[in-house]
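Colleague: Need coordinates for the following:
(2 chains)
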2 protein chains.
Amino acid sequence: MKNCTRIFAALALLALMAPAAPAWAQEEDGYELWLRYRPVREAGVVTRHARSIVAPANPSPTVRAAVAELRRGVKGMTGREPGAATRPGAGTIVLGTPATLPAALVPAGMAALGPEGYVVHSAAGGITVIAANSDTGLLYGAFAWLRAASTGAALAGLAQRSAPKLQLRVLNHWDNLDRTVERGYAGESIWNWWALPDVRDRRYVDYARANASLGINGTVLNNVNSKPEILTAPWLAKAAALADVLRPYGIRVYLSARFSTPLELKETATADPLAPEVAAWWRAKADEIYRVIPDFGGFLVKANSEGQPGPQDYRRSHADGANMLAAAVAPHGGVVMWRAFVYAAENPVDRAMQAYDEFKPLDGKFAANVLVQVKNGPIDFQPREPFHPLFGAMPATPLMMEFQVTKEYLGYATHLAYLGTMFEETLRADTERSPGGLTVAQVVEGAQGRPGRPTGMAGVANIGSERTWSGSHFDQANWYAYGRLAWDPQASSRAIAREWAAQTFTREPRALDGIVAMMMDSREAVVNYMTPLGLHHIMGTGHHHGPAPWVADLERPDWNPVYYHKAGRDGIGFDRTAAGSNALAQYAPSLARKYADPRTTPEPLLLWFHHLPWDYPMPSGRTLWAELANRYDQGVAQAQALRAQWTALRPYIDARRHEDVATLLDVQVREAQWWRDACLAYFQSVSGRPLPPGVKAPPLPLERYKALQFPYAPGRG
Amino acid sequence: MKNCTRIFAALALLALMAPAAPAWAQEEDGYELWLRYRPVREAGVVTRHARSIVAPANPSPTVRAAVAELRRGVKGMTGREPGAATRPGAGTIVLGTPATLPAALVPAGMAALGPEGYVVHSAAGGITVIAANSDTGLLYGAFAWLRAASTGAALAGLAQRSAPKLQLRVLNHWDNLDRTVERGYAGESIWNWWALPDVRDRRYVDYARANASLGINGTVLNNVNSKPEILTAPWLAKAAALADVLRPYGIRVYLSARFSTPLELKETATADPLAPEVAAWWRAKADEIYRVIPDFGGFLVKANSEGQPGPQDYRRSHADGANMLAAAVAPHGGVVMWRAFVYAAENPVDRAMQAYDEFKPLDGKFAANVLVQVKNGPIDFQPREPFHPLFGAMPATPLMMEFQVTKEYLGYATHLAYLGTMFEETLRADTERSPGGLTVAQVVEGAQGRPGRPTGMAGVANIGSERTWSGSHFDQANWYAYGRLAWDPQASSRAIAREWAAQTFTREPRALDGIVAMMMDSREAVVNYMTPLGLHHIMGTGHHHGPAPWVADLERPDWNPVYYHKAGRDGIGFDRTAAGSNALAQYAPSLARKYADPRTTPEPLLLWFHHLPWDYPMPSGRTLWAELANRYDQGVAQAQALRAQWTALRPYIDARRHEDVATLLDVQVREAQWWRDACLAYFQSVSGRPLPPGVKAPPLPLERYKALQFPYAPGRG
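Modeller: Now for the predicted structure:
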């Protein structure tokens, strides 16, 4: 017993002396995202498979990051940190490329994995092999193994093989140099520009880890509404410091470039892309950038849109502008991501048509290292849009998908709206540009293009300085889903939701079922209480918070909600058939034919394509007016259901995060009701009809809803 | 040994099953401030004194907060959480008021403690008594006991008795409704206005705990440059939610009121304070506020200063304006804090004189519940100023001290500058308004006023959303020192520094000596490399970052640095003697006489009061020009010394915080050099003199320093 006492005393002392858990930080605050590595039931199994790690000799920073992550993860799940081993054996995880692995452990078919794919498999003798053709692939493989372990996969029989279907998997930060974030609802920018390059916030490393765990391999640091200063030496030094932090995690830095930069810096007399001095300036600037960021990814450009300068200021085309910049970065292996979101000073017949009208004629005219970055739908990140007609219509141009992960139009970070289903809806849409079908995902994957052209997906980040990163616990799922879909655009949003929830909240199956059910329903709830049946862009002016379908006094017609819903005595909806704007003609003929007839138009897009009388008979048997009211009511009921489902999940969720989510769901229920009440009050007033039978009257007169103002709404940037 | 194995296994299991320390949060990141409660050497002693806690029956939220803090603290220091006990005994901490304590345990002289004071003493039988006349006093006493325990005081012989010398100990948040912070260098506002009142961030509770630990009992939530919306119902609901969170911690909420609020909200036709409709509006508004915040503290007002509206817009006096607002809150027990920082549209002879000129004639004209809030010096929070001449000059008016805790002019959150010494310098200054001496601290404590008039101190907060709260680890010390000096304006800045460092970093005596030495030197270093010998306001325009003594082209003379230093061929300095602006006459005659002669003017204030030739002989034997250069060099050397001292402290400081501080000290050394180089280059150019012998030439030509721009500097609000 003497020894025992001694051991006991030593343990007690150890417990006291160990770096104590910070007293204030014991609750889960969401900072750890989906990389929480909490103790698992199968701790023994995990330990057995991860007693030690065999890494290549002279490991690169990337390999060191992979090993560190495995150690951190196994320690968190089991309490025991794996050691280092020099040779494979039972209970070892062996990381290596074909060049470093023992020949017997090199999996077959490595070449097919490409530069970033990985294999994670259980080899004979209790060895787990993580193999890839690059160190970044090994890092991705390490995260894949950790994902498997923390979601309870059978570690004894792993046979994972995965390679990204897109080359550029990029976050777009709409972060300004003063640290505000346009459409940011999660605090200020995580980039502390002022303190850079001296201060390298540890948060940057955790940002890199989270992205690497999803396979995100690029980040555009600054807002597409860019400033000239970002390309000056002091700011390039800041960007270079970030690039240094992110590089070991396989993440390249990109910058948004303002087209008129040299002119505004007074270093050229024009910004005309065909002026030799302008091209020379950009070449020299690219050289300067690559001197401080050798793996700089390239430029993202918003040109001739919403007041931004661009080549059209000089009667040059988007291709002229993009190609000039592309020539500057081409010698260094960089790309130009040129946005198709154009929104010119002149009033188009139909704003939805403008990108197609301007870009379709340029198909084939872009340099080989240009991607045209196209938003998922033709307007602007609405709760629901049809896929953008450019997808499938520019076979000779690499089209990059742009999704908005931050919820500008879907309730900020307040409303629970899982966007995985929305992204999936767009990606799985059939453009009908090929006899056998051609989904948007296939277009983005380069099915149409010449082999070797770049492919990519961009996600407008929902990441900020708040402790939760994304402004709420559930908004982390949208970052996660974006990353997983950028890796595999044909992945299942339901599987992604389950995988995320298991890592983020709990693996308890009943709880998981409940969380996933909430997530899968949530975006449709938002569509119903905000913009059902194909309505769009009826949000508050500028900040886009809350309903404002009545706004009709803004300078440009297409700034006004009334432009988009066109509700009046006669009916509601935007006629985009041949009788109207004929935006339909921008789609494949088979699709255009289907959408030309309201009876063959999918109900969710009905009022996007058609202006219909209030009495139009819907498939449900209701009139359009009754159906609309019904959808608004349904949206409110769905929001209430989310709230009730979450209450039922209380036993499974840690108290703090349960309360955090519950608080926001209360707001969501209230705001869903507000949306429903305000929209029905308004549409009733313009239709001149009584509310359909059984539909409750809004509690306030319309004027009260119209009077609401939100002068300090976030995200104005 | 069987038992032993079982115990061992049980311990191991416990270790595994215990709520794991969040994997990402094991390093010290500064969030816990000085309330870290880490394991102490004397864990056994602490445990012996705090086995259990006896609290009054039916404890209020404030008492519950006190007990929770004691539990948290003892658990952190010893690993063992005290239990609850119902009767005093050995090893109990007994909290109570005279009404709830057993008579034998009521300390003598309780009445003298007032409503907020406390006694912490060791009674017979191993009992520790925390006694106070209010629950807030008990909370303060609990924090005092924890401070004693965590700094290693002898717990067996405690006999602490303390009561605040000022009634209002208030933070001023210059936080805007859009969550930016004017002069904020620690991220955005901690008030997430958008999410309030629904979301009550847990950070608000930690903010309250930190403030209560210092005795801070009020907080002005919004910027003195206020907006009308703050007084509308939606924002009052947000303020009320914060008040609910802060109330248990003895903290009252105040609001900055824009003088023209009713006019701007279009609810009155004027903002004239003598118009009955205006007074009625404010009375009704006060009633409305007190309905939702029953213990609302009152209004802070910046009027007729820097473009803010005020009573002078209607040819009324500051007293007219303040008294009208005071009448509105008086029925509810509220106060008005009326700022003396006036800076009118007309050009004064000497900006330093304006507050005195406007306010001195109003002495005795303010209502009983008005405090005039006076900045520490007559200009604007410079690295060094003489005390404000209003202190001691308005005996019939309660003067509230306004210190700036955020370092607008002392290097933001980047430079290490402990402000305790600066606050102490002002507080201990003798106004010479009384034969026996009358320090500024005594004035603020109400030595001149009628008994019963309010007293107070305001600190412009350096608190933001960043994890460190204050933008750096050492800036937390300025929050701490402000709070401790608001409790006792005659406290020692050195003792405060030591107390803070012992709780924040380490109790190791050698390390403590080193940290305190750094802190005590740091502000003088900043004075030397920025504004030695009484120079002031030569910072960059607007953002106040870096040197810009050359700026001479701003619209108003007193916006320009050249106005303040008046350097030319003939010499340098602002003549505030009778031959100049005669600002001296605003001080007590004896002081004015002393400062009238450069030979009897304290060297640190020399150029504040005198314009002197470059060859003026200094006490050191050097010419003024050589002395000035010497001081700039000395400042750089001091900054370098801070850096070196910190390196020597590495063995004693946790790695992360050591690196955090070291990084900033590197910046400070670089920026000290920049200040020195740019100022010497400029003063050389205007003096037309060669650099004094032995003084190194600045490495760049003056134009290069002048060309530096900082377009996205933080804190512009």
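
Colleague: Look up phi and psi at the closest residue to residue A:265 other than its chain neighbours.
Modeller: Nearest non-adjacent residue to residue A:265, counting by CB to CB, 6 or more residues apart in numbering or on different chains: residue A:228, 5.2 Å away. The way it works is simple: take the backbone N, C-alpha and C, and place the C-beta from them, glycine included. Phi and psi for residue A:228, reported as degrees, to the nearest 10, are phi -60, psi -30.

Colleague: In contact with residue A:228, which residues?
Modeller: A:258, A:260, A:261, A:264, A:265 (CB atoms under 8 Å, 6 or more residues apart in numbering or on different chains).

Colleague: Flag every residue of the stretch 101-250 of chain A that's near chain B.
Modeller: By the rule CB under 8 Å from any CB of the partner chain, the part of the stretch 101-250 of chain A lying against chain B is A:177-180, A:187-188, A:193-195, A:198-199, A:202, A:206, A:229.

Colleague: at 7 Å instead, please
Modeller: Neighbours of chain B within the stretch 101-250 of chain A, by CB under 7 Å from any CB of the partner chain: A:177, A:178, A:187, A:188, A:193, A:194, A:198, A:199, A:206, A:229.

Colleague: Turn these into a markdown table, columns for neighbour count and secondary structure.
Modeller: Listed next are those as a markdown table, based on neighbours: other CB atoms under 10 Å in any protein chain shown; DSSP: H, G, I helix; E, B strand; the rest coil:
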| residue | neighbour count | secondary structure |
| --- | --- | --- |
| A:177 | 20 | coil |
| A:178 | 17 | coil |
| A:187 | 25 | coil |
| A:188 | 25 | coil |
| A:193 | 23 | coil |
| A:194 | 21 | coil |
| A:198 | 15 | coil |
| A:199 | 18 | coil |
| A:206 | 17 | helix |
| A:229 | 18 | helix |
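
Colleague: Tell me where the stretch 351-500 of chain A has helices.
Modeller: A:354-359, A:420-428, A:440-444, A:476-487, A:493-504 (DSSP state H, counting those that start in this stretch).

Colleague: Just the CA trace of the second one, in CSV.
Modeller: Output of helix A:420-428 as CSV, limited to C-alpha atoms (Å, rounded to 0.1, in the frame of the first residue of the first chain):
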residue,chain,number,x,y,z
GLY,A,420,-26.4,22.2,-48.0
THR,A,421,-29.8,21.4,-49.5
MET,A,422,-29.8,24.7,-51.5
PHE,A,423,-26.3,24.1,-52.9
GLU,A,424,-27.2,20.6,-53.8
GLU,A,425,-30.4,21.7,-55.5
THR,A,426,-28.3,23.9,-57.8
LEU,A,427,-25.5,21.4,-58.4
ARG,A,428,-27.9,18.6,-59.2
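
Colleague: now that helix: how far from the chain's centre is it?
Modeller: Chain-centre distance of helix A:420-428: 12 Å, with CA atoms, centre = their mean, to the nearest Å.

Colleague: what does the last one give?
Modeller: Mean-position distance between helix A:493-504 and its chain equals 15 Å (CA atoms, centre = their mean).

Colleague: quick check: angle from it to helix A:476-487?
Modeller: 130 degrees (axes from the mean of the first three to the mean of the last three CA atoms, to 10 degrees).

Colleague: Against which helices or strands is helix A:493-504 packed?
Modeller: helix A:420-428, helix A:476-487, helix A:509-530 (3 or more CB pairs under 7 Å, 6 or more residues apart in numbering or on different chains; DSSP states H and E).

Colleague: which other residues reach the last one?
Modeller: It stands for helix A:509-530. A:383-384, A:410-411, A:415-419, A:421-422, A:477, A:494, A:497-498, A:501-502, A:505-506, A:631-632, A:634-636, A:638-639, A:642, A:645-646, A:648-649, A:652, A:672, A:675-676 (CB atoms under 7 Å, 6 or more residues apart in numbering or on different chains).

Colleague: Whichever of these end up buried, select them in ChimeraX.
Modeller: Buried members of the contacts of helix A:509-530, defined by 16 or more other CB atoms under 10 Å in any protein chain shown, are picked up in ChimeraX with:
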select /A:383,384,410,411,415,416,417,418,419,421,422,477,494,497,498,501,502,505,506,631,632,634,635,636,638,639,642,646,649,652,672,675,676
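
Colleague: ok, and the most crowded of the contacts of residue A:228?
Modeller: Counting neighbours by other CB atoms under 10 Å in any protein chain shown, the top entry in the contacts of residue A:228 is residue A:258, with 28 neighbours.

Colleague: wait, that one sits on residue A:227?
Modeller: Yes: Residue A:258 lies in contact with residue A:227 (CB atoms under 7 Å); the separation is 6.3 Å.

Colleague: Can you name the residues that contact the residue of the stretch 401-550 of chain A found nearest chain B?
Modeller: Closest approach of the stretch 401-550 of chain A to chain B (CB to the nearest CB) occurs at residue A:465, with a separation of 6.2 Å. By CB under 7 Å, 6+ apart, the residues touching residue A:465 are A:187, A:188, A:189, A:190, B:187, B:465.

Colleague: Identify the residue spatially nearest to residue A:60, adjacent ones excluded.
Modeller: Of all residues not flanking residue A:60 in the chain, residue A:135 sits nearest, at 4.9 Å (CB to CB, 6+ apart).

Colleague: got it, and residue A:600?
Modeller: Distances taken as CB to CB, 6+ apart put residue A:594 closest to residue A:600, at 4.8 Å, once the chain neighbours are dropped.

Colleague: mind checking pLDDT for the one you found?
Modeller: Looking at residue A:594, its pLDDT reads 98.

Colleague: doesn't it fall inside a helix?
Modeller: Yes: judged by DSSP: H, G, I helix; E, B strand; the rest coil, residue A:594 forms part of a helix.

Colleague: What is the burial count for residue A:647?
Modeller: Burial of residue A:647 is recorded as 11 neighbouring residues (other CB under 10 Å).

Colleague: which non-adjacent residue is nearest residue A:49?
Modeller: Nearest to residue A:49 is residue A:155, by CB to CB, 6+ apart, at 4.6 Å.

Colleague: And residue A:105, by the same measure?
Modeller: Per CB to CB, 6+ apart, closest to residue A:105 is residue A:129, 5.1 Å.

Colleague: Quick check: the one you found is in a strand.
Modeller: Yes: the assignment for residue A:129 (three-state DSSP) places it in a strand.

Colleague: out of all of them, which helix in chain A is the longest?
Modeller: In chain A, ranked by residue count with DSSP state H as the criterion, the top helix is helix A:655-687.

Colleague: Does it reach chain B?
Modeller: Yes: using CB under 7 Å from any CB, we find that helix A:655-687 touches chain B at A:663, A:666, A:667.

Colleague: What is the nearest of those to residue B:436?
Modeller: residue A:663 (58.3 Å; CB to CB).

Colleague: From residue A:184, how far out is the closest one?
Modeller: With distances taken as CB to CB, to the nearest Å, residue A:663 is found 20 Å from residue A:184.

Colleague: do the same with residue A:602
Modeller: Separation of residue A:602 from residue A:184 (CB to CB): 33 Å.

Colleague: now residue A:203
Modeller: From residue A:203 across to residue A:184, the span is 15 Å (CB to CB).

Colleague: what about these two, which has more around it?
Modeller: residue A:184 (32 against 19).

Colleague: The more buried one is in contact with residue A:406, isn't it?
Modeller: Yes: counting by CB under 7 Å, residue A:406 is a contact partner of residue A:184 at 6.5 Å.

Colleague: Now do the host helix or strand of residue A:139: everything it contacts.
Modeller: Assigning secondary structure by DSSP states H and E places residue A:139 in helix A:135-150. With contacts defined as CB under 7 Å, 6+ apart, helix A:135-150 is touched by A:37, A:40, A:46, A:60, A:62-63, A:65-66, A:69-70, A:73, A:77, A:93, A:95, A:113, A:115-120, A:128, A:130, A:132, A:155, A:158, A:160, A:162, A:212-213, A:215, A:249-250, A:503.
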